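In: below are the sequence and a predicted model for it; my questions follow.
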Amino acid sequence: MNKPIRYSPAVAIAIAIITGSSASAQDETDALRFSMIQPQGTARSIGFGSALGSVGGDYSSLSENPAGIGVYRRGELTVSPSLMFGSSTGTYAGNSEKDNGAHFSFSNLGIVSARSFSGRRAQRSGWTTAGFGFGITRVADFTRNSYYSGQNTTSSASYVFENDANVGGVSTGGQVVYPADLGYQTFLLDTVNNGYVSNVYPNPSQPIGQEFVTKERGGITELGITFGGSYQDKLMLGGSLNVPILRYRRDKTITEYDLSGNNNNNFDNFQYRDELRTNGAGINLKVGAIYKPVDAVRFGVAIHSPTWYSLTDIQNTSLTANTENYGAYYTGSAVNSAQALENQYEYSLRTPWRAVASATVMLGTAGFWSVDYEYVDYTSSRFNMDAGFSSNTNYNKSYQDAVNEVIRTYYKKASNIRTGVEFRLNNFFLRGGFGYYGNPYASGTYNDRKLPNAQRLDFSGGLGMRFENAFIDFAFVHRQYTDNEQPYTLPQTNVSGTPYFGMIVPTATIKSAQNNAVLTFGVKF
């Protein structure tokens, strides 16, 4: 259920942005996550690096450049099961940990109906083909497991609860609405001089242990309808109307524990859990053209409109703390738990527009070489929180503007380059590709955090067999990237103006490697 929000935008962002556990709203990390497209689809396209903007004749090309439908001369049905697996290594406070994960999905299911024209009709109209396509393409996958741990001598995640309590107090009547309530009702916070203080006291001679586990699942599957054709076998035009369906699930756990061995310091351990579910759908439009000045060369261009999403977040948070004698004094048990009320937020998000330019050189009957260049302006994402974020319209607008300003500051325009080759030997095909996806983050620092260089590299390969009315393709892509993450953030000072001890939250470096194996079965008709 929706609750009135009492944070100022600055405090809400401080709690929400880097913790990854939105206390009251969406943040810039959501905007980036839902804007970064990872081309998938058929095994053929993946095999040559998804550089298909001017190749056409493949169902995945309709998601990149709808003019590719003009290359079709026959109808086609394809289905592509996919297995994604990978690992991540998290380094935090000088310690490294590794985690693994895998999942199965379908990266493509589509049908194309095409018709060729010849004779007087083609001479009179100039149109030599016309086509219609309908199906789904997986355009993003959010699957990732990350785990990192280490010893911290300067700060605790419990300071987030402490600061929230000192800014806005705690709820009465036993309800758990805000982060402060979790800390207060589990006795992780103590009352001192009409204020609140955490029972966790890390220092250089007495560090605390910290563990952070995040499991992410879901993706974006785009349902599209494409129309197009070829004019005089020189110019191919196409357009598509698409409905991306978004599903995202994140389960995050923060654990801290006492390393001192002292059983009478009012703190043994706590575990904070945050479960977030985001569901929704959007709409976008793509238009494109492919021009063939000579048979051996093709040039392509495509424009992707922003996607306008309508999304709903459902979030559940809980905290269990062992505060030894302090909790036992009040409840008779050292271990106490609190469950926050379920929060539901409805909002809309506009992702960036994209432009794609591409070129293909045909190697006769031996194959082709293709290159795509994609331009994305990540600063142009925008949230609209009037859809039900809270009952306070003025606050909605204020928070919305603050988060959108963070997006403008945090991110930048980026370039993506994909290239690939396909070689043919009779009915056998061999493919290889490479993709470079530019860093979406601006340079420098933000809120005392050095912004990461999150460029991504894709290496792919594949093979295929063609028969008279059927084909089968296999592809494998290896993707690697590095990101930086602060598991929580703290304001510069507490409510009384006193600096937090050290004001240091270690930054974790997460190196991820993902592998995707795709098998495509197709029939022609």
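Out: Structure received.

In: my guess is Tyr92 contacts Ser149, does it?
Out: Yes - counting by CB atoms under 8 Å, Tyr92 does reach Ser149; the two are 6.3 Å apart. (C-beta placed from N, C-alpha, C; glycine too.)

In: got any residues that touch both of the two?
Out: Taking CB atoms under 8 Å, 6 or more residues apart in numbering as the criterion, Tyr92 and Ser149 both touch Gln210, Phe212.

In: of those two, which one has the most company?
Out: Using other CB atoms under 10 Å, the more surrounded residue of Tyr92 and Ser149 is Tyr92, with 24 against 17.

In: give me the distance between the more buried one and Asn439.
Out: 22 Å (CB to CB, to the nearest Å).

In: repeat that for Val167.
Out: Counting by CB to CB - Val167 and Asn439 are separated by 34 Å.

In: same check, this time on Tyr326
Out: The gap separating Tyr326 from Asn439 is 46 Å, by CB to CB.

In: now do Asn469: how many residues are near it, please.
Out: Asn469 has 10 nearby residues by other CB under 10 Å.

In: isn't it right up against Gly522?
Out: No - using CB under 8 Å, Asn469 makes no contact with Gly522, being 9.6 Å away.

In: and for this structure, the residue most distant from the center?
Out: Going by CA atoms, centre = their mean, the residue of the chain most distant from its centre is Arg120, 51.2 Å out.

In: what ranges does the stretch 251-400 of the chain have for its helices?
Out: 325-331, 393-410 (DSSP state H, counting those that start in this stretch).

In: alpha carbons only: can I get the shortest one in CSV?
Out: C-alpha atoms of helix 325-331 as CSV (Å, rounded to 0.1, in the frame of the first residue of the first chain):
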residue,chain,number,x,y,z
ASN,A,325,21.6,-8.1,26.6
TYR,A,326,20.0,-4.9,25.2
GLY,A,327,17.2,-6.7,23.3
ALA,A,328,16.9,-9.3,26.0
TYR,A,329,16.2,-6.6,28.6
TYR,A,330,13.1,-5.5,26.8
THR,A,331,11.7,-8.6,25.2
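
In: what mean pLDDT does it get?
Out: Per-residue pLDDT values across helix 325-331 average out to 93.

In: same question, the longest one
Out: Along helix 393-410, the predicted confidence averages to a pLDDT of 80.

In: ranges for the helices of the stretch 51-200 of the chain?
Out: Per DSSP H, counting those that start in this stretch, the stretch 51-200 of the chain carries helices over the ranges 61-64, 119-125, 158-168, 179-185.

In: buried ones in whichever strand or helix holds Phe227?
Out: Per DSSP states H and E: Phe227 is located in strand 208-231. For strand 208-231, a neighbour-count test (16 or more other CB atoms under 10 Å) marks 208-222, 224, 226, 228-230 as buried.

In: my guess is Gly238 contacts Ser63. True?
Out: No - when contacts are counted by CB under 8 Å, Gly238 is not listed as touching Ser63 (11.3 Å).

In: more crowded one of those two?
Out: Ranked by neighbour count (other CB under 10 Å), Gly238 and Ser63 place Ser63 first, with 32 against 27.

In: contact partners for the more buried one?
Out: Counting by CB under 8 Å, 6+ apart, Ser63 makes contact with Pro39, Gly41, Thr137, Val139, Glu222, Gly224, Ser240, Asn242, Lys286.

In: and the spatially closest residue to the second one that is not a sequence neighbour, how many neighbours?
Out: Put plainly, it is Gly41. Closest residue to Gly41 apart from its sequence neighbours, by CB to CB, 6 or more residues apart in numbering: Ser60 at 3.0 Å. By other CB under 10 Å, the residues close to Ser60 number 28.

In: quick one: contacts for Ser60?
Out: Pro39, Gln40, Gly41, Thr42, Arg44, Ser45, Ile46, Ser50, Leu52, Asn108, Thr137.

In: residue ranges in the stretch 351-500 of the chain under the pLDDT threshold?
Out: Across the stretch 351-500 of the chain, residues meeting the criterion (pLDDT under 70) sit at 387-396, 444-450, 491-500.

In: off-centre distance for whichever strand in the chain runs longest?
Out: Criterion DSSP state E: the longest strand present in the chain is strand 269-294. Centroid separation for strand 269-294 versus its chain: 7 Å, with CA atoms, centre = their mean, to the nearest Å.

In: again with stretch 96-113
Out: In terms of CA atoms, centre = their mean, the centre of stretch 96-113 is set 14 Å apart from its chain centre.

In: just the CA atoms of that stretch, as PDB, please.
Out: Extracted in PDB, the C-alpha atoms of stretch 96-113 (Å, rounded to 0.1, in the frame of the first residue of the first chain):
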ATOM      1  CA  SER A  96      37.400 -11.300  -3.000                       C
ATOM      2  CA  GLU A  97      34.500 -13.700  -3.300                       C
ATOM      3  CA  LYS A  98      33.000 -15.500  -6.300                       C
ATOM      4  CA  ASP A  99      29.400 -16.500  -7.200                       C
ATOM      5  CA  ASN A 100      27.800 -18.400 -10.100                       C
ATOM      6  CA  GLY A 101      24.300 -18.700 -11.600                       C
ATOM      7  CA  ALA A 102      22.400 -20.000 -14.700                       C
ATOM      8  CA  HIS A 103      18.900 -19.900 -16.200                       C
ATOM      9  CA  PHE A 104      16.900 -20.900 -19.300                       C
ATOM     10  CA  SER A 105      14.800 -18.800 -21.500                       C
ATOM     11  CA  PHE A 106      13.700 -18.200 -25.100                       C
ATOM     12  CA  SER A 107      15.500 -15.400 -26.900                       C
ATOM     13  CA  ASN A 108      13.400 -15.500 -30.000                       C
ATOM     14  CA  LEU A 109      10.000 -16.800 -31.300                       C
ATOM     15  CA  GLY A 110       8.900 -15.200 -34.600                       C
ATOM     16  CA  ILE A 111       7.200 -15.600 -37.900                       C
ATOM     17  CA  VAL A 112       7.600 -13.600 -41.100                       C
ATOM     18  CA  SER A 113       5.300 -13.700 -44.100                       C
END
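
In: all good on my end, thank you.
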